[in-house]
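>>> Just to be clear, the model below is a prediction. Sequence and coordinates:
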Amino acid sequence: MSFDTCSGPLRSGTVFWTTGTVPGTVQNTGLATLNQVVEVLPADWDPTGGSIFLGMLPQYSQITNIFIDVVQAFIFTGGTTGVDLSIGSTTLTTEFVPVINNVSAVGREVVQPQVQYWIDVDRVPGATTDVPAYLNYTFAGGVPTAILAGAVAVTIQYIQKGPDGTMNPKQS
């Protein structure tokens, strides 16, 4: 199996431009949903807290979902009870996902979107190009003396729009 790369939005369908109202003559194309997935392993966590770079989202992209899956339960020493997680465009922000408190058990975390940034990532203040995504974290209940276990998979789903921000290019 191999990977293919394209430099723009991936559009699929059989009728690119509407020429009437009869099925088969009406535009039926759509843009593909893309995914970036990053797994954060126990060795990646800094006991003092911090940020982990997840990836770059193409300019004009529209975030459709973010999933935070705890795939291995957290085990700490030192009184720590869990991890507080957020996702933002810098190591200090929470534009994409506000703080989710005290994450520890295996399962999918419910993500409440920050809607204004899920529409287009280029609406992030100061964004003029691709936008980075960071998993920001602190520890609940105190700084752990050791992080013995705890793995998280973060999936960011998005639709890459055209270079002018449109989802349906005009007929040329």
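Sure thing, it's come through.

>>> switch to C-alpha atoms for all contacts and neighbour counts from now on
OK.

>>> so where do the helices sit in the chain?
115-119 (DSSP state H).

>>> what stretches of the chain score poorly on pLDDT?
Applying pLDDT under 70 to the chain flags the ranges 1-2, 4-9, 112-119, 121-122, 124-127, 162-172.

>>> try it again with 90
Residue ranges of the chain with pLDDT under 90: 1-34, 57-65, 77-79, 88-99, 109-131, 141-142, 158-172.

>>> So what's the gap between the lengthiest strand in it and the chain middle?
Counting by DSSP state E, the longest strand found in the chain is strand 62-77. Centre-to-centre, strand 62-77 and its host chain are 11 Å apart (C-alpha atoms, centre = their mean, to the nearest Å).

>>> From the contact counts, what lies against it?
Packing contacts for strand 62-77, counted by 3 or more C-alpha pairs under 8 Å, 6 or more residues apart in numbering; DSSP states H and E, involve strand 107-109, helix 115-119, strand 146-159.

>>> Which positions within it qualify as buried?
62-76 (16 or more other C-alpha atoms under 10 Å).

>>> How about stretch 3-23?
Result for stretch 3-23 [16+ other C-alpha under 10 Å]: buried residues 9-11, 16-17.

>>> how close does Ile100 sit to Gly82?
Look at Ile100 and Gly82: by C-alpha to C-alpha, to the nearest Å, they are 10 Å apart.

>>> Looking at the two, which one has more neighbours?
Gly82 (22 against 17; other C-alpha atoms under 10 Å).

>>> To what extent is the residue nearest to Gly13 when sequence neighbours are not counted buried, counted in neighbours?
Spatial nearest neighbour of Gly13, chain neighbours left out: Thr29 (4.1 Å); criterion: C-alpha to C-alpha, 6 or more residues apart in numbering. Neighbour count for Thr29, taken as other C-alpha under 10 Å: 14.

>>> Test my guess that Thr29 contacts Ser12.
Yes - with contact defined as C-alpha atoms under 8 Å, Thr29 counts as touching Ser12 (5.2 Å).

>>> for the residue nearest to Gly13, what are its contacts?
11-16 (C-alpha atoms under 8 Å, 6 or more residues apart in numbering).

>>> nearest to Gln36, of the residues you listed?
Arg11 (18.2 Å; C-alpha to C-alpha).

>>> With mean neighbour count and distance to Pro42 added, can I get the helices and strands packed on strand 62-77 in JSON lines?
Listed next are these as JSON lines, based on neighbours: other C-alpha atoms under 10 Å; distance: least, C-alpha to C-alpha, whole Å:
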{"stretch": "strand 107-109", "mean neighbour count": "15", "distance to Pro42": "16"}
{"stretch": "helix 115-119", "mean neighbour count": "16", "distance to Pro42": "29"}
{"stretch": "strand 146-159", "mean neighbour count": "19", "distance to Pro42": "5"}
